[in-house]
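> got a predicted structure plus its sequence, pasted below:
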Amino acid sequence: MKQEEEHRDGMKAQSVCTKKRSDFLNGAFLKEGSVMRTKRLIMLGAALFLVAGLWGCGLMVAGGAAGAGVYAYAQGELQRSYGVPMDKAIMATKKTANTLNLIETGIERDSIKTIMRYKKSDNTEVTIRVQRMDVNQTEIGVRVGLVGVWDKDQAETIHNYIRENLKV
């Protein structure tokens with residue numbers, strides 16, 4: 001008798017799960033609160049459109065080879081985040097500049113951001129921005145050339161040297 005009751009209770013629980021799954025597969029989840037869900041989707045779409053508009057046409061994400069990381073192009077520079085403190089990122093950037101024989105033309109520094117300006121031997125301008133995102137998270141942006149006329153391959157090469165100097 002007791003086993004029959006347990007069996008019926010188990011069957012009820014199973015039928016509730018099956019019903020919920022079949023409701024999901026039949027689209028019943030869309031009917032409940034669909035107005036609220038639609039509003040959320042519209043707000044999400046508007047927010048994404050706004051962010052894309054603020055970043056401009058130049059938003060591009062390029063994945064390198066395995067382990068190379070993900071770069072983002074925004075505001076005229078190729079950006080990448082590194083899991084290191086800002087001071088370590090600055091040292092690796094300066095070492096990279098020395099390795100590539102870049103000529104320093106100026107440095108601006110405050111507590112959360114350092115902008116280093118260099119020239120290559122052919123007078124092409126190189127700007128490297130190192131910005132603290134968190135204690136152990138730093139974003140580095142590299143621009144080779146003028147705004148609107150940039151060399152993505154050279155910016156990636158500089159990032160690769162920085163990454164190698166950081167040993168990440």
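Cool, the structure landed.

> where in the chain is the helix or strand with the lowest mean pLDDT?
strand 60-63 (a mean of 36; mean pLDDT, DSSP states H and E).

> the strands in this structure, which residues?
Residue ranges of the strands in the chain, as given by DSSP state E, are 60-63, 70-74, 77-82, 103-109, 113-119, 125-134, 137-146, 149-150.

> and the shortest one, average pLDDT?
Okay, so that is strand 149-150. For strand 149-150, mean pLDDT rounds to 71.

> what of the third one?
In this model, strand 77-82 has an average pLDDT of 90.

> helices and strands around that strand, which ones?
Strand 77-82 sits against strand 70-74, strand 125-134, strand 137-146, helix 152-166, with contacts defined as 3 or more Cβ pairs under 8 Å, 6 or more residues apart in numbering; DSSP states H and E. Any C-beta I mention is one placed from the backbone N, CA and C, and that applies to glycine too.

> mind showing which ranges of the protein have poor pLDDT?
By pLDDT under 70, the low-scoring segments of the chain are 1-41, 44-75, 147-149, 168.

> redo that, cut-off 50
Flagging of the chain using pLDDT under 50 yields the residue ranges 13-21, 23-25, 27-30, 56-69.

> ok, back up a step: how about TSV for the helices and strands packed on strand 77-82, with mean neighbour count and distance to Asn101 added?
Shown next, in TSV, are the helices and strands packed on strand 77-82 (neighbours: other Cβ atoms under 10 Å; distance: least, Cβ to Cβ, whole Å):
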stretch	mean neighbour count	distance to Asn101
strand 70-74	17	23
strand 125-134	19	11
strand 137-146	21	14
helix 152-166	18	12
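
> for Ile112, find the nearest of these.
When these are compared by Cβ to Cβ, strand 125-134 sits nearest Ile112, at 4.7 Å.

> partner strands of the closest one, parallel or antiparallel?
If you go by DSSP bridges, strand 125-134 pairs up with strand 113-119 (antiparallel), strand 137-146 (antiparallel).

> quick one: which of the helices and strands packed on strand 77-82 is nearest Ala97?
Here strand 125-134 is closest among the helices and strands packed on strand 77-82 (Cβ to Cβ), at 7.6 Å.
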